[in-house]
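[1] Quick check, what structure comes out for this input:
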Amino acid sequence: MIAAGEALARNSSSAAEQRQPIEETRTLKFGTLQVELTSKKAYIGSIIALVFGTLSWQFSAAVQSIPEYSLQYANDNALLLAKSLRGALLAICYSSTILSGFTTVGLILFGRQLSSEGK
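    Numbering: from 1, shown residues only. This next block holds a predicted model:
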């Protein structure tokens, strides 16, 4: 009886040691590509999105700070084209900043959700 109890105690303690908290993952599928998302990857992605948003904000601020009177072109058509391209570039940069802000917030919330499910 004692030997059987000791054997059972060894088996139950090894099973308790093997039970470690498993990190919750979610799998996204894009055709044949499968990506496993964890809370750590979500936080890293939010940091990358924040850096990208900051860079695009600074770029758009730099483009906007160039005064229009400093633009010198051969004729009026080239000047109008340059102004319209500048406006399109500013629109793209600002929209990229906004989208990366939404992505940052979404990934932080997603990472918190995954970390709370893992507990």
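[2] Model confidence for Trp57, exactly?
    On the pLDDT scale, Trp57 is placed at 96.
[3] Can you report how many residues lie near it?
    By the measure other C-beta atoms under 10 Å, the count of residues near Trp57 is 17. From N, CA and C alone the C-beta is placed, and that goes for glycine too.
[4] in the helix or strand it falls within, what's buried?
    With elements taken from DSSP states H and E, the one containing Trp57 is helix 39-64. Within helix 39-64, the residues that count as buried by 16 or more other C-beta atoms under 10 Å are 39, 41-43, 45-46, 49-50, 52-53, 56-57, 59-60.
[5] Which one of these is nearest to Arg112?
    Ser39 (7.4 Å; C-beta to C-beta).
[6] what about the longest helix along the chain, distance to the chain center?
    Longest helix of the chain, by residue count under DSSP state H: helix 76-118. Relative to its parent chain, helix 76-118 has a centroid offset of 12 Å by C-alpha atoms, centre = their mean, to the nearest Å.
[7] pLDDT weak spots in this protein?
    1-24, 118-119 (pLDDT under 70).
[8] let's see 80
    1-26, 28, 68-74, 117-119 (pLDDT under 80).
[9] Spatially central residue in it, please.
    Residue closest to the mean C-alpha point of the chain, counted by C-alpha atoms, centre = their mean, is Gly45 at 2.9 Å.
[10] thinking that residue is in contact with Ile108, fair?
    No. No contact is recorded between Gly45 and Ile108 when judged using C-beta atoms under 8 Å, the distance being 9.4 Å.
[11] how close does Leu50 get to Cys93?
    16 Å (C-beta to C-beta, to the nearest Å).
[12] That should have said Ser70, apologies.
    From Ser70 to Cys93 the distance is 19 Å (C-beta to C-beta).
[13] of the two, who's got more company?
    Comparing Ser70 with Cys93 by neighbour count (other C-beta under 10 Å), the higher total belongs to Cys93, at 20 against 6.
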